[in-house]
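K.L.:
This is the structure alone, sequence omitted:
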């Protein structure tokens, strides 16, 4: 949005320096991106937020400056009363209030279409518009001035003097005023006469109804359109205009008659002619200002500071919100151009904006830190820890669908009647909720078998147990499959997982045709998670480390050997299986005394006890 300083000064006296003005309007939300210096003018390039279509007009910007400067913006003088001054020309309109809630218009006859005067051309050029002729230039000028898009049609080109407001069926050809042909999308708002579509409403006028030098009578229209339909059509056609930018943000529903008066005043002044119809104002409801009340106590609580009532009233008055004190509340009358003010918090925001956010004291947020997790809280850090461990172990993560087929179930020996079934599956391949992740990781393995010889896959996700809604249960599980790691390696990885999560749970490792296949109930693992952690100081004295090999009966469990070794002395800090060959098992043993250095003699005594104890297993 371009706002020339000379144009703004027509509505409000501005004495503040340009740079300071740019800073102030940026502070209240009307961002000034750039200051452009012309020969004899200054242009502010403004960034307009989607909730403030009123800022897409020079009058809207002037009102904001007036609020900042505690002044009053001067609205343009409206001269004509829109009463007919010539022969009445007929026009029958069939409205559609669902898509165009309001349509205001008037016919002006005997106009002279010609070049605009220099002052009008210059104003349009300053805001980035190309002068065309006096009628079109006036409609563009008023749109930029007041914020309501206006369109002019050649009255004699509206076949049968009858028009309909409709939505396009899709595929209709439309040629715009700039000679570009479009295929209309379905649902675009259009004006039609008895033979043709002559306007793509809210976006662009048609060549077959435009205002040219041979035009003698014009039909001026100011409408209110459905912003969603305008936006959809604009995006579908990749066609954006100044009018569509305003309409898709919701136009001033109460401003159509003022825009019509201002346009008529300028046409009668610059193009001559006489009013040839009564005012057309088609609508199902009145678009009047509305009331919104603000509690003073709520304002101070929400803002965190106490703003005096008198100051709040001054701010709201400067914004034309007509505030009135009613008990402990301030009642405001919201002008129709402020579509963004609907609730109490909106009014409070207006006070805060003009008061100045920079005037708020800097404070540290207060409040209690929540100690209990909120309902349905999920700690994704645990998931990430699990994934990182398996990725570090050489596994690749996969994501698969939660829905599987009956064939998948029967292949894994799972009776379909024991599994939750979807009543309306999109296909037979996605009919049942998976009761295990084993099915999907195995299918993933088979799909990748032709690509790589060594495959290690895992998936962390939910499975669904039970066969009816009342018995259904979601369980998070972890499943994996590999053909490059043996049973003991997988067991070691899983035990490391339990160690990292300070928990334990049941799990199974199956030897299958494809490799080693495992599944862990993560929900159970997390339920058994021990929250207490024991922290020990790093030892001051160095440990003594040695490896001992034993030839053991194959029926002896490794865990029993480790437990036996561990019991032989309090100075045995750590025992783990290091290696194995046939019946020979090698154990890694760490000796440590935290109070002093251990001697070789002491370690030798412990070693003898270990040999004797293991020999008795």
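P.N.:
Perfect, thanks for sending it. In this text, all values refer to a predicted model and were calculated from it rather than measured experimentally. Numbers count the residues shown, from 1 in each chain.
K.L.:
C-alpha from now on. contacts and neighbour counts both.
P.N.:
Will do.
K.L.:
who's in contact with the helix or strand residue 199 falls within?
P.N.:
Per DSSP states H and E: residue 199 is located in strand 197-200. Strand 197-200 is contacted by residues 158, 174, 188-192, 205-209 when judged by Cα atoms under 8 Å, 6 or more residues apart in numbering.
K.L.:
how distant is it from the center of its chain?
P.N.:
Its chain's C-alpha centre and that of strand 197-200 lie 34 Å apart, by Cα atoms, centre = their mean, to the nearest Å.
K.L.:
next SSE after it?
P.N.:
Proceeding N to C from strand 197-200, the next assigned helix or strand is strand 204-205, under DSSP H and E.
K.L.:
so for the next helix or strand after that following strand, what's the average pLDDT?
P.N.:
Next along the chain after strand 204-205, taking DSSP H and E as the criterion, comes strand 217-224. The average of the pLDDT scores along strand 217-224 is 97.
K.L.:
Same check on stretch 312-324?
P.N.:
95.
K.L.:
For residue 156, give me its contacts.
P.N.:
residue 217.
K.L.:
so which strand or helix has residue 589?
P.N.:
Per DSSP H and E: strand 584-591 holds residue 589.
K.L.:
who touches that strand?
P.N.:
Residues contacting strand 584-591 (Cα under 8 Å, 6+ apart): 543-552, 571-580, 598, 603.
K.L.:
Filter these down to just the buried residues.
P.N.:
543-544, 552, 571-572, 575-577, 598, 603 (16 or more other Cα atoms under 10 Å).
K.L.:
Just the pLDDT at residue 80, thanks.
P.N.:
pLDDT, residue 80: 88.
K.L.:
ok but it is inside a strand, no?
P.N.:
No: using DSSP: H, G, I helix; E, B strand; the rest coil, the assignment for residue 80 is coil, not a strand.
K.L.:
Look up phi and psi at it.
P.N.:
Per-residue torsions, residue 80: phi -80, psi 150 (degrees, to the nearest 10).
K.L.:
Next up, the contacts around it.
P.N.:
Contacts for residue 80 (Cα under 8 Å, 6+ apart) come out as 261, 264-265.
K.L.:
Of the buried ones among the contacts of strand 584-591, which is the nearest to residue 105?
P.N.:
residue 576 (90.6 Å; Cα to Cα).
K.L.:
what sits up against stretch 164-179?
P.N.:
By Cα under 8 Å, 6+ apart, stretch 164-179 touches 93-96, 99-100, 181-193, 197-198, 200, 204-208, 210.
K.L.:
before we move on, back to that, report the two of the contacts of strand 197-200 separated the most.
P.N.:
Across those, the longest distance by Cα to Cα is 19.6 Å; it joins 158 and 188.
K.L.:
Parallel or antiparallel, list what pairs with the strand holding residue 589.
P.N.:
Here strand 584-591 is paired, per DSSP bridges, with strand 544-551 (antiparallel), strand 572-581 (antiparallel).
K.L.:
Downstream of that strand, the next helix or strand is which one?
P.N.:
Next helix or strand after strand 584-591 toward the C-terminus (DSSP H and E): helix 600-615.
K.L.:
now that following helix against strand 572-581, angle please.
P.N.:
Here the directions of helix 600-615 and strand 572-581 differ by 50 degrees (axes from the mean of the first three to the mean of the last three Cα atoms, to 10 degrees).
K.L.:
From the contact counts, what lies against helix 600-615?
P.N.:
helix 558-566 (3 or more Cα pairs under 8 Å, 6 or more residues apart in numbering; DSSP states H and E).
K.L.:
How about the helix it packs on, which residues are buried there?
P.N.:
Quick answer for helix 558-566 (16+ other Cα under 10 Å): 561-562, 565-566.
K.L.:
and residue 71, how many residues sit next to it?
P.N.:
16 (other Cα atoms under 10 Å).
K.L.:
quick one: contacts for it?
P.N.:
12, 318.
K.L.:
Show me how far stretch 510-529 is from its chain's centre.
P.N.:
Chain-centre distance of stretch 510-529: 38 Å, with Cα atoms, centre = their mean.
K.L.:
Pull out the buried positions in it.
P.N.:
So, applying 16+ other Cα under 10 Å, buried residues of stretch 510-529: 515-526.
K.L.:
So for the strand holding residue 589, what gets flagged as buried?
P.N.:
585-591.
K.L.:
residue contacts, residue 458?
P.N.:
Contacts of residue 458 by Cα under 8 Å, 6+ apart are 390, 395-398, 441, 478-481.
K.L.:
Out of the contacts of residue 80, give me the one that has the most neighbours.
P.N.:
residue 264 (28 neighbours).
K.L.:
I'd like the next helix or strand past the helix or strand hosting that residue.
P.N.:
Using DSSP H and E, residue 264 maps to helix 256-270. The first helix or strand that comes after helix 256-270 along the chain, using DSSP H and E, is strand 274-275.
K.L.:
Tell me which other helices or strands that next one touches.
P.N.:
Applying 3+ Cα pairs under 8 Å, 6+ apart, one finds that strand 274-275 makes contact with strand 102-109.
K.L.:
Any idea how far the strand it packs on is from the middle of the chain?
P.N.:
Distance of strand 102-109 from the chain centroid (Cα atoms, centre = their mean) equals 40 Å.
K.L.:
which residues touch stretch 414-433?
P.N.:
By Cα under 8 Å, 6+ apart, the residues outside stretch 414-433 that reach it are 402-406, 409-410, 434-435, 463-469, 472.
K.L.:
Which ones among these map onto strands?
P.N.:
Residues of the contacts of stretch 414-433 located in strands (DSSP state E): 403-404, 463-465.
K.L.:
Counting neighbours, which of these end up buried?
P.N.:
403-404, 463-465.
K.L.:
picking up where we left off before, now distance to residue 44 too, for the buried residues of strand 584-591, in TSV please.
P.N.:
Formatted as TSV, those follow (distance: Cα to Cα, whole Å):
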residue	distance to residue 44
585	82
586	81
587	79
588	77
589	78
590	76
591	78
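K.L.:
Please convert those to CSV, extending it with pLDDT and distance to residue 609.
P.N.:
Shown next, in CSV, are the buried residues of strand 584-591 (pLDDT from 0 to 100; distance: Cα to Cα, whole Å):
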residue, pLDDT, distance to residue 609
585, 94, 18
586, 95, 17
587, 95, 15
588, 95, 16
589, 96, 13
590, 95, 15
591, 95, 14
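K.L.:
May I ask which two of those are separated the most?
P.N.:
Taking Cα to Cα, no two of these sit farther apart than 585 and 591, at 19.1 Å.
K.L.:
picking that back up, from the contacts of residue 80, pick the one nearest residue 139.
P.N.:
Of the contacts of residue 80, the one sitting nearest to residue 139 (Cα to Cα) turns out to be residue 264, at 9.5 Å.
K.L.:
if I look at the closest one, how far off is residue 288?
P.N.:
23 Å (Cα to Cα, to the nearest Å).
K.L.:
picking up where we left off before, can you flag which of the contacts of residue 458 belong to strands?
P.N.:
396-397, 478-481.
K.L.:
In JSON lines: those, plus distance to residue 344, pLDDT and neighbour count.
P.N.:
Formatted as JSON lines, the ones in strands among the contacts of residue 458 follow (distance: Cα to Cα, whole Å; pLDDT from 0 to 100; neighbours: other Cα atoms under 10 Å):
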{"residue": "396", "distance to residue 344": "53", "pLDDT": "95", "neighbour count": "15"}
{"residue": "397", "distance to residue 344": "50", "pLDDT": "95", "neighbour count": "16"}
{"residue": "478", "distance to residue 344": "50", "pLDDT": "94", "neighbour count": "22"}
{"residue": "479", "distance to residue 344": "53", "pLDDT": "94", "neighbour count": "25"}
{"residue": "480", "distance to residue 344": "55", "pLDDT": "94", "neighbour count": "27"}
{"residue": "481", "distance to residue 344": "59", "pLDDT": "95", "neighbour count": "28"}
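K.L.:
Check which helices and strands the worst-scoring helix or strand of the chain on mean pLDDT sits against.
P.N.:
None of the helices or strands of the chain scores lower by mean pLDDT, DSSP states H and E than strand 507-511, at a mean of 82. Counting contacts by 3+ Cα pairs under 8 Å, 6+ apart, strand 507-511 is packed against strand 516-521.
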